[in-house]
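Asks: sequence-free structure coming up:
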C-alpha cells in the first residue's frame, strides 16, 4: 500500500503503512525453525514430506494473519503540524490509541531493534504520549522527504533519520 493523503482542517496528512511482507519475513523464519524443530522432536515415522509442508504452510498462514491483524490499523501520518501514530505508553491516553505530537513538542527519539526491522519511540514534551514508528514503511523515501519538509533542522526525529540514512539509498 502506498502513502495516501487525508485532508484535515489545517493541512494535508500524508499517511504511511508498514510493509506487511517485511514484517512477516522475520517472524516467518522463526516459524519455519519451530516447525522443523517440532517435526524433529516428534519423530513421527508416518509423517510424509507433503504432510510436513502442510504443517509449515499452516505456521506461515498464522504468521501472515497475525501481522495482518496487528498492522490493519497501524499507520503513521505526517503533516505541517506534526506526526501521528499509535501511542505505545501504558499511561496518558491509553496504549494502542492514535495520538499526534506537534513538531515543536518532540522531546527525544529512542530506538528499539527487533530482528529484521527498527522501531522508533517518539516522546512528547507536553504530554505523556509516546508514538511508535516502525521503520519498514512501504514508502520510506516519501516518509523521510516529508519529515525533512515539515520538521525543523533541530528536531530530534529529523536528526535521527538524517544520521541513520546518511549516504544510504531509501
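Replies: Good, I have the coordinates. The structure displayed is predicted, hence computed values, not measured ones. Numbering: from 1, shown residues only.

Asks: Report the mean confidence score over the helix or strand where residue 67 lies.
Replies: Using DSSP states H and E, the element containing residue 67 is helix 49-71. Here helix 49-71 scores 81 as its mean pLDDT.

Asks: repeat for stretch 74-94
Replies: 78.

Asks: Would you state the helices of the protein in chain order?
Replies: Applying DSSP state H to the chain gives helices spanning 20-42, 49-71, 140-150, 156-164.

Asks: between these, which gets nearest to residue 122?
Replies: helix 156-164 (5.9 Å; C-beta to C-beta). To be clear about C-beta, it is placed using only N, CA and C from the backbone, and glycine gets the same treatment.

Asks: Now do the contacts for the residue nearest the centre of the chain.
Replies: Computing the C-alpha centroid of the chain and ranking residues by C-alpha atoms, centre = their mean puts residue 134 first, at 2.6 Å. By C-beta atoms under 8 Å, 6 or more residues apart in numbering, the contact list for residue 134 reads 18, 23, 74, 76, 117, 118, 119, 120.

Asks: Low-confidence stretches in this structure?
Replies: Scanning the chain for pLDDT under 70 picks out 1-11, 44-45, 89-96, 116, 167-170.

Asks: In terms of residue numbering, what are the domains of it?
Replies: 11-17+74-164, 20-71 (automatic domain parsing).

Asks: Please look at residue 160 and residue 109 and confirm they touch.
Replies: Yes: the pair residue 160 / residue 109 is scored as a contact, 4.7 Å apart, by C-beta atoms under 8 Å.

Asks: list the residues that contact both of these two?
Replies: Joint contacts of residue 160 and residue 109 (C-beta under 8 Å, 6+ apart) are residue 120.

Asks: Residue 62: neighbour count?
Replies: 12 (other C-beta atoms under 10 Å).

Asks: What sits closest to it if chain neighbours are left out?
Replies: Spatially, and ignoring its direct neighbours in sequence, residue 62 is nearest to residue 31 (7.2 Å; C-beta to C-beta, 6 or more residues apart in numbering).

Asks: so what's that neighbour up against?
Replies: Contacts of residue 31 (C-beta under 8 Å, 6+ apart): 56, 59, 60, 62, 63.

Asks: State the distance from the first one to residue 16.
Replies: Spelled out, it's residue 56. From residue 56 across to residue 16, the span is 32 Å (C-beta to C-beta, to the nearest Å).

Asks: Same drill for those two, tell me which one is more crowded.
Replies: residue 16 (24 against 17).
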